[in-house]
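A.B. asks: Pasting the sequence and the predicted coordinates here, then a few questions.
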Amino acid sequence: MNSSSLQSLVFWLLLLAGVAAPWLFPDYTNEIAVLWLMILFSSTWDILGGQMGYNSLGNIFFFGAGMYLSAVVQIGLFYDVAMYTSAARTTHIAFSNAQYFTGLGVGLLAAGVGSALLAVVIGWIVFGLRGPYFAIGTLGVAVAGAELVASWTWVGAASGISLPVFPGEPEAQRLFYYFLMFALSFVLLLFLRWLYGTNFGLALNAIRDDEEKAEAMGLHTRRYKRTAWVISAFFLGIAGSLFGNMTGFIEPRDIAFPTTTFNIFMVLMVLLGGKGTLWGPVVGATVFHVIKEVTWTYFLGWQYVTLGLLIVIIVVYFQQGIVGWIIERFPERFGTPLAPRVEPERARDVGLAAHPKAAE
Amino acid sequence: MTDAIIELKHVSKSFGGVVANRDISLAVPRGRITGLIGPNGSGKTTLFNSIVGYHPIDSGSICFEGREISRLRVQEIARQGMLRTFQTTRIYGKMSCLQNMLISIPHRKAGFFDMFASERRETIQRAEQLLAFVGLYDKRLLRAGSLSFGQQKLLEFAMALMNEPTVLLLDEPTAGINPTLINGLIDRLKRANSDFGITLFVIEHNMRAIMNMASTIYCLAHGELLAMGDPAAIQGDRRVIDAYLGAH
Amino acid sequence: MDQIISNISILEAAPIFNLGLLIDGLLIGSIFALAAYGLALVWGVMNVKNLAQGDFIMTGGYITWSLSTLGIHPLFGVPAAAVVLWALGWVLYRTVINKVITRDLFTSLLATFGIAIVIQQSLNLAFGPDTQSATTDLPTWDFADGLITVTATRLLGFVMAALLAIAVILFMKSSRMGQAIRATAQDARAARVLGIDTEKVYCFTFCLNAAICGAAGALVAMVWNVQPFMGTTYSIRLFVVVTAAGIGNLPGVIAAGFGMGVFEQFGGFVLGVQYQQALIVLLLLMVLAVRQLQQMRARQAVQ
């Protein structure tokens, strides 16, 4: 079975797993939905970090931006936002079914497009930075996002916003958002599979391997960088909107712009699974999420200390990641084969050793 | 003399207090091979960097095909048809040789949606032909970073040809190459010039190679233009010999 | 917004206030300058951008505070914190840092970030999330009818920071290890060829920086306050200082440290304390933007 049909098989299995999961594990619908979210986080991070070599610590900005944009639209279409954010804590404000779903639909669109537009603007600011400066600059963007929203009373400042309540049973709400999140991640993976096979994939890798060389060859590096950023932002924005609605309540520092949790998780998951591959982020996200869910309860109180230790361990000892290791181990099967190492010419047969008289 | 495809007038460049190039004026004739020689530290690579836009110059003018390019950036100049190879050979290490070639297609007319295209059969064939031209066809699916140094240099050369440049600036193309392979490389450089019509401007330390290839040679010393002429004239020029041997 | 305008008008109405803020800024800025020097040292010698710098400082602060609760004067906290942090730095270097020095820069950034999280959370578990301060029972002096107050504590902090900085600089200039460090910073390979044990140099540099942070933290506990999660703010602050000044530029780093102190005093007064974090982050983005513009003139990227 060649690698292309192997890939197709994996996609079918993934589709099957995603559709069947709520029936196989009905008590864990939310957790599995978050797993799909993690896969989206790691895959979007890998576009810039793994394929293009730009390690971003600010992707969470678009997640949060999408979340808030959607909330504002979902509420603002029917009520005055300022009034809602100040009153919602004390009074229950109702939305009709039609209002809920129209709001959600437009909200999702606004989240995706809005985040994409923000990415265009922010791309101007950050793409003159490289390496660690890019990482720190993007981290600054994410923290700035959290702080600015936290002081903006129109959107509820640090107290957050309660989103419209889903018209239906909790069970239905869980399934509804599960399938939306699954669909989003699945579409993302299909999209990336196609994208990485076009010139775009080649260009990203060229920028990663040697950006100055790519510029010297006339590649439109800026165009590619911006587009990659916009693609990530688009998917992250929609994911933010979905997550916000899943949780029902959004707030700037821990839910929308969690710089020390989701934001770092996306990097760790990709490192764990393998940078620069389509399936590395998926594998990394799955392994990370499962381990975290299982051990979190046992490390109560010490969760974040273990998180920090985990970061250090993964970063120091798991440089290649799981899939990366597989590719290095079997390059003919899964990656680009290496040239056979050339034996150095034996000294006896060449040069002065063969023609001693030449030295005189 | 044939028209000049690159013309430098009074170009100067300093770094901090160090003057790398002082008042250099020269012309690279179209369709020929021109050499740039000089002892280490004479400012040859700095001059190349200035021409391709890697850094701004302090004063002077650089014209390419009659257009002023001294204020343009590297990508813009590359898209106008002037490429350079690097002294430390640079290729995309984690990609295969063929992929290195495919991403080196000319990007002059690339529109927004070309980013999402996949390469056509003709382009892949052309890439394979060029790889065959430099003798790397067998290795086309191997990871570029795992090739030997000499093979990487050939790949870099093939990538440059793939880009369909008008002018190619080569920084020490024979450096680090096994002496038995240098003749083959020189042969390919000459064919790139004669068959593909590419103007070559070559920095070289290997005197035999450059005297063999070039029709005009410029010599730099201490950041200034010392001498200019055809190979025979340069070889006999006392000032050039003194510059290399360090006489003051 | 109205609050901001009224704050600005206070500054305009009573110019003497500005002097007060300036003095406070310089006094506090001295501590920033000291810690920034340490950050620049590790950055310049080992190319490690230590995101845990602020958390080292907080650790030093907590050590001092703990000692003060036992009745020991915070001033003794300075050497105590320095020693403990030196040891901590040594442990961290041997277990984590020396494995990431040779890797790419993002790896070392992430590794120090992980260390930062571990320290923050450990401090939180050990000491709780409240802010603490180590009292010194030193007098406060009033000038200009009470419009300017100068606490002896802050003055003491300034003097200590200055003494420590001078000590470190003298060490770097005249001792053998100091020379070895400077040689390694310039060219590690050449230093190795000349017989310098660069591994020892790296370890020493990292420990020295940790000790500097410990001492700075002790001063912070005296002069200001400490809280487990304030480390991040310090790290960003110091990063801004070093980026703005440039690594090799020692006088620049010190000047920028003072500038940071003054800027924060004024910013905090005009905008209010709740915007402190946002202000510092925005300053970071501004500094990076300015750097980019500078580099664009030379057609390079900021890297």
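C.D. replies: Here it is on my side, so go on. Please read these numbers as outputs of a predicted model, since none were measured by experiment.

A.B. asks: from here on, contacts and neighbour counts on C-alpha atoms
C.D. replies: Noted.

A.B. asks: which residues are contacting the lowest-mean-pLDDT helix or strand in chain C?
C.D. replies: None of the helices or strands of chain C scores lower by mean pLDDT, DSSP states H and E than strand C:140-143, at a mean of 71. Outside strand C:140-143, the residues within contact range by C-alpha atoms under 8 Å, 6 or more residues apart in numbering or on different chains are C:148-153.

A.B. asks: List only those of the residues you listed flagged as buried.
C.D. replies: Neighbour-count burial (16 or more other C-alpha atoms under 10 Å in any protein chain shown) applied to the contacts of strand C:140-143 gives C:148-153.

A.B. asks: and these as CSV, adding pLDDT and distance to C:Phe258?
C.D. replies: Listed next are these as CSV, based on pLDDT from 0 to 100; distance: C-alpha to C-alpha, whole Å:
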residue, pLDDT, distance to C:Phe258
C:Ile148, 71, 19
C:Thr149, 75, 19
C:Val150, 76, 17
C:Thr151, 78, 18
C:Ala152, 79, 19
C:Thr153, 81, 17
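
A.B. asks: restrict those to those near chain B?
C.D. replies: Contacts with chain B within the buried ones among the contacts of strand C:140-143, counted by C-alpha under 8 Å from any C-alpha of the partner chain: none were found.

A.B. asks: So which of those residues sit within helices?
C.D. replies: C:152-153 (DSSP state H).

A.B. asks: Output the buried ones among the contacts of strand C:140-143 in CSV, with distance to chain A appended to each entry.
C.D. replies: As requested, those are arranged in CSV below (distance: C-alpha to the nearest C-alpha, whole Å):
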residue, distance to chain A
C:Ile148, 30
C:Thr149, 31
C:Val150, 32
C:Thr151, 32
C:Ala152, 34
C:Thr153, 32
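
A.B. asks: how about the helices in chain C?
C.D. replies: Using DSSP H, helices in chain C cover C:2-13, C:15-46, C:53-69, C:74-92, C:98-100, C:105-127, C:152-174, C:176-186, C:188-193, C:198-223, C:231-245, C:250-271, C:276-297.

A.B. asks: what about the last one, near chain A?
C.D. replies: Yes. Contact of helix C:276-297 with chain A is found when judged by C-alpha under 8 Å from any C-alpha, involving C:277-278, C:281-282, C:284-285, C:288-289, C:292.

A.B. asks: Leaving aside the residues adjacent along the chain, what's closest to C:Thr184?
C.D. replies: Closest residue to C:Thr184 apart from its sequence neighbours, by C-alpha to C-alpha, 6 or more residues apart in numbering or on different chains: C:Ala191 at 5.4 Å.

A.B. asks: what's the neighbour count on that neighbour?
C.D. replies: Look at C:Ala191: counted by other C-alpha atoms under 10 Å in any protein chain shown, it has 18 neighbours.

A.B. asks: so it touches C:Gln179, yeah?
C.D. replies: No. Contact criterion C-alpha atoms under 8 Å: C:Ala191 and C:Gln179 do not qualify, at 10.4 Å.

A.B. asks: Quickly find the element holding residue 181.
C.D. replies: Since you didn't name a chain, this refers to chain A. Counting by DSSP states H and E, the element that carries A:Met181 is helix A:170-196.

A.B. asks: nope, chain B
C.D. replies: helix B:179-196.

A.B. asks: I'd like to know which elements that helix is packed against.
C.D. replies: helix B:207-213 (3 or more C-alpha pairs under 8 Å, 6 or more residues apart in numbering or on different chains; DSSP states H and E).

A.B. asks: quick one on the thing from earlier: what are the buried residues along the helix holding B:Leu181?
C.D. replies: With burial defined by 16+ other C-alpha under 10 Å, the residues of helix B:179-196 counted as buried are B:182, B:185-186, B:188-190, B:192-193.

A.B. asks: ok, now stretch A:173-190?
C.D. replies: Result for stretch A:173-190 [16+ other C-alpha under 10 Å]: buried residues A:174-175, A:177-179, A:181-186, A:188-189.

A.B. asks: go on, stretch B:17-24?
C.D. replies: In stretch B:17-24, counting by 16+ other C-alpha under 10 Å, buried: B:20-22, B:24.

A.B. asks: Spell out which parts of the stretch 151-300 of chain A neighbour chain B.
C.D. replies: A:195, A:197-200, A:202-203, A:205-206, A:209-210, A:213, A:215-220, A:224.

A.B. asks: Buried ones among those?
C.D. replies: A:195, A:198-200, A:202-203, A:205-206, A:209-210, A:213, A:215-220, A:224.

A.B. asks: what does the model give A:Ala347 for pLDDT?
C.D. replies: On pLDDT, A:Ala347 comes in at 44.

A.B. asks: Would you tell me which residues of chain C are close to chain A?
C.D. replies: So far as C-alpha under 8 Å from any C-alpha goes, chain C lies against chain A at C:96, C:99-100, C:105-107, C:109-119, C:121-122, C:125, C:275, C:277-278, C:281-282, C:284-285, C:288-289, C:292, C:301-303.

A.B. asks: Kindly give a single PyMOL line that selects the buried subset of the residues you listed.
C.D. replies: The PyMOL selection below is limited to those of the residues of chain C next to chain A classed as buried (16+ other C-alpha under 10 Å):
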select buried, chain C and resi 96+99+100+105+106+107+109+110+111+112+113+114+115+116+117+118+119+121+122+275+277+278+281+282+284+285+288+289+292+301+302
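
A.B. asks: For the nearest residue to A:Ala239 once chain neighbours are set aside, pull up the helix or strand it's in.
C.D. replies: Once flanking residues are discounted, A:Ala239 sits nearest to A:Phe63: 6.6 Å by C-alpha to C-alpha, 6+ apart. Element membership for A:Phe63 (DSSP H and E) is helix A:60-76.

A.B. asks: could I have that helix exported to PDB, CA atoms only?
C.D. replies: C-alpha atoms of helix A:60-76 as PDB (Å, rounded to 0.1, in the frame of the first residue of the first chain):
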ATOM      1  CA  ILE A  60      -4.300  32.000  20.800                       C
ATOM      2  CA  PHE A  61      -5.000  35.600  20.000                       C
ATOM      3  CA  PHE A  62      -7.200  34.600  17.100                       C
ATOM      4  CA  PHE A  63      -9.000  32.000  19.100                       C
ATOM      5  CA  GLY A  64     -10.000  34.600  21.600                       C
ATOM      6  CA  ALA A  65     -10.700  37.200  19.000                       C
ATOM      7  CA  GLY A  66     -13.000  34.800  17.200                       C
ATOM      8  CA  MET A  67     -14.700  34.000  20.500                       C
ATOM      9  CA  TYR A  68     -15.500  37.600  21.300                       C
ATOM     10  CA  LEU A  69     -16.400  38.600  17.700                       C
ATOM     11  CA  SER A  70     -18.900  35.800  17.600                       C
ATOM     12  CA  ALA A  71     -20.300  36.700  21.000                       C
ATOM     13  CA  VAL A  72     -20.700  40.300  20.100                       C
ATOM     14  CA  VAL A  73     -22.500  39.400  16.900                       C
ATOM     15  CA  GLN A  74     -24.700  36.700  18.500                       C
ATOM     16  CA  ILE A  75     -25.800  39.300  21.100                       C
ATOM     17  CA  GLY A  76     -25.600  42.400  19.100                       C
END
